[in-house]
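1. sequence unknown, structure follows:
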Ligand SMILES: NC(=O)c1ccc[n+]([C@@H]2O[C@H](COP(=O)([O-])OP(=O)(O)OC[C@H]3O[C@@H](n4cnc5c(N)ncnc54)[C@H](O)[C@@H]3O)[C@@H](O)[C@H]2O)c1
Ligand SMILES: O=C(O)C[C@H](O)C(=O)O
């Protein structure tokens, strides 16, 4: 029995992701939550002849709480997507609030659930979820994951295209580490399960790295104002969710790159910080998954000089994205205190006794 919940289930990612989860026999209960349209999406999916019982919820009548009750896996694709010319970081202002509110719902209703964050900017939304969980005293870094699987899926596809045989794509695996935006996306092509042709030129190799790093822009541009990747993301999100569910059910040896708090495995996390030469709190690395979430954070392995440079180039942006959450929290606290003092001036007058 596995209860999965999709928050943002009526959206471009939410609907096909919910379809793929409904199609997976490991899921026995599927709750769909969004601010619009979930009753219709749920009614539609509920006619599919697979085990999961599907129910749609909206905000009134404690819909979020009801959707989350008893959840084991919560996937969050709620939020606004990019338009051409925007960076993922430009989504921070609006998506931070959406993710914070949904995380509050999870922390108070299903604090033990595995939380899979898709909403951008992932490099910041994952720390936001963590901070909300800390505030509620239920933070477990082993259970919060940034979904970076689309970068891995893209790497498999583009490498198999270069090899000249797209039928290999499902079996090509390339670790992609760092984070989920532009230069923070670091494909470790030297560790591809299927090596690139030795004849590949330096320019073509560089172009392949860039295409994996900026694959999201390719889709945003092609959609021309109608959003960003939805179908490939739903595929990637379901792939990662199913790995999580299999690990939860006790399957051993499941390893996948994902953006995690490095305290999830103290010794693995500390070793990784040494490897990358920076004391970051979050990084996407190959992670072994188990019934309680993160089992271990793995080493990046042997890197080429070029890959070492890519990791180095990823760090400043990652650091800024992660730090932004702390800065926003401090500003938020200051504004709240200022408003409180204005409303209740006696609060900061010294006591007369
Ligand atoms: N991690 C990744 O690799 C990856 C890939 C693609 C897209 N994304 C991100 O995923 C997010 C969603 O993209 P999309 O194309 O599905 O967008 P979309 O606009 O099609 O769907 C978003 C859905 O979220 C819902 N929503 C908004 N506020 C909500 C709230 N408070 N509670 C519940 N639901 C709410 C909307 O009603 C909508 O149905 C974006 O932030 C996008 O950048 C991430
Ligand atoms: O590019 C985007 O904004 C969406 C997503 O992060 C992607 O990589 O496709």
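-> Received, thanks. Treat the numbers as computed from the prediction; the structure is a model and nothing was measured. Numbering: from 1, shown residues only. Ligands and ions are numbered 1, 2, ... in the order given.
2. is stretch 77-92 anywhere near ligand 1?
-> Yes. Using C-beta under 6 Å from any ligand atom, stretch 77-92 reaches ligand 1 at 77-82, 91. All C-beta spots, glycine's among them, are computed from the backbone N, C-alpha and C.
3. identify the farthest-apart pair in the residues you listed.
-> Greatest spatial distance among those (C-beta to C-beta): 78 and 82, at 15.0 Å.
4. for these two, indicate the residue with more neighbours.
-> Set side by side, residue 78 and residue 82 show more neighbours around residue 78, with 24 against 20, by other C-beta atoms under 10 Å.
5. just give the number of residues close to residue 145.
-> When neighbours are counted by other C-beta under 10 Å, residue 145 registers 32.
6. report the helix or strand with the lowest average pLDDT across this protein.
-> Counting by mean pLDDT, DSSP states H and E, the chain has its least confident helix or strand at helix 305-343, which shows a mean of 87.
7. what comes up buried for it?
-> Using 16 or more other C-beta atoms under 10 Å as the test for burial, helix 305-343 gives 307, 310-311, 314-315, 317-319, 321-322, 324-325, 328.
8. could you pick out which of those residues are near ligand 1?
-> Applying C-beta under 6 Å from any ligand atom to these, none is adjacent to ligand 1.
9. picking up where we left off before, ok, and the most crowded of the residues of stretch 77-92 next to ligand 1?
-> Most surrounded of the residues of stretch 77-92 next to ligand 1: other C-beta under 10 Å gives residue 77, at 28 neighbours.
10. how about the residues of this structure by ligand 1?
-> Proximity of the chain to ligand 1, by C-beta under 6 Å from any ligand atom, involves residues 7-8, 10-14, 33-36, 77-82, 91, 95, 98, 101-102, 118-120, 122, 147, 150, 180, 227-230, 233.
11. can we see that at 5 Å?
-> Neighbours of ligand 1 within the chain, by C-beta under 5 Å from any ligand atom: 8, 10-13, 34-35, 77-79, 81, 98, 118-120, 122, 147, 150, 227-230, 233.
12. among those residues, the buried ones, what's the PyMOL command?
-> Listed next is the PyMOL selection for buried residues among the residues of the chain next to ligand 1, using 16+ other C-beta under 10 Å:
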select buried, resi 8+10+11+12+13+34+77+78+79+81+98+118+119+120+122+147+150+227+228+229+230+233
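13. ok and the residue in this protein nearest ligand 2?
-> Residue of the chain nearest ligand 2, by C-beta to the nearest ligand atom: residue 216 (2.3 Å).
14. so how far is the one helix or strand that residue maps to from its chain's centroid?
-> Assigned by DSSP states H and E, residue 216 falls within helix 215-223. Taking C-alpha atoms, centre = their mean, to the nearest Å, one finds helix 215-223 lying 19 Å from the centre of the chain it belongs to.
15. right, and the helix or strand after that helix?
-> Following helix 215-223 toward the C-terminus (DSSP H and E): helix 231-248.
16. which other residues reach that next one?
-> Here helix 231-248 makes contact (C-beta atoms under 8 Å, 6 or more residues apart in numbering) with 2, 4, 13, 15-17, 19-21, 24, 26-27, 72-73, 75, 77, 114, 116, 118, 145, 147, 149-150, 152-154, 219, 254, 256, 258, 289-291, 293.
17. just those residues: which are in strands?
-> 4, 73, 75, 114, 116, 145, 254, 256, 258, 289-290, 293 (DSSP state E).
18. what does the model give the residue in the stretch 151-300 of the chain that ligand 1 sits nearest to for pLDDT?
-> Nearest residue of the stretch 151-300 of the chain to ligand 1 (C-beta to the nearest ligand atom) works out as residue 233 at 3.8 Å. pLDDT for residue 233: 98.
19. residue 118 too?
-> The model reports residue 118 with a pLDDT of 98.
20. hmm, residue 76 and it touching each other?
-> Yes. Counting by C-beta atoms under 8 Å, residue 118 touches residue 76, with 5.9 Å between them.
21. what touches both of the two?
-> residue 8.
22. the residue of the stretch 151-300 of the chain closest to ligand 1 and residue 86, how far apart?
-> 17 Å (C-beta to C-beta, to the nearest Å).
23. host element of residue 32?
-> Element membership for residue 32, per DSSP H and E: strand 29-33.
24. what packs against that strand?
-> When contacts are defined as 3 or more C-beta pairs under 8 Å, 6 or more residues apart in numbering; DSSP states H and E, strand 29-33 sits against strand 3-7, helix 14-22, helix 38-45, strand 53-57, helix 63-68.
25. any idea which of these is most buried?
-> Mean neighbour count (mean count of other C-beta atoms under 10 Å) peaks for strand 3-7 among the helices and strands packed on strand 29-33, with a mean of 29.
26. counting by contacts, list what it packs against.
-> On a contact count with 3+ C-beta pairs under 8 Å, 6+ apart, strand 3-7 meets helix 14-22, strand 29-33, helix 63-68, strand 73-76.
27. which parts of stretch 92-99 are buried?
-> Using 16+ other C-beta under 10 Å as the test for burial, stretch 92-99 gives 92, 95-96, 98-99.
28. many thanks, I have nothing further to ask.
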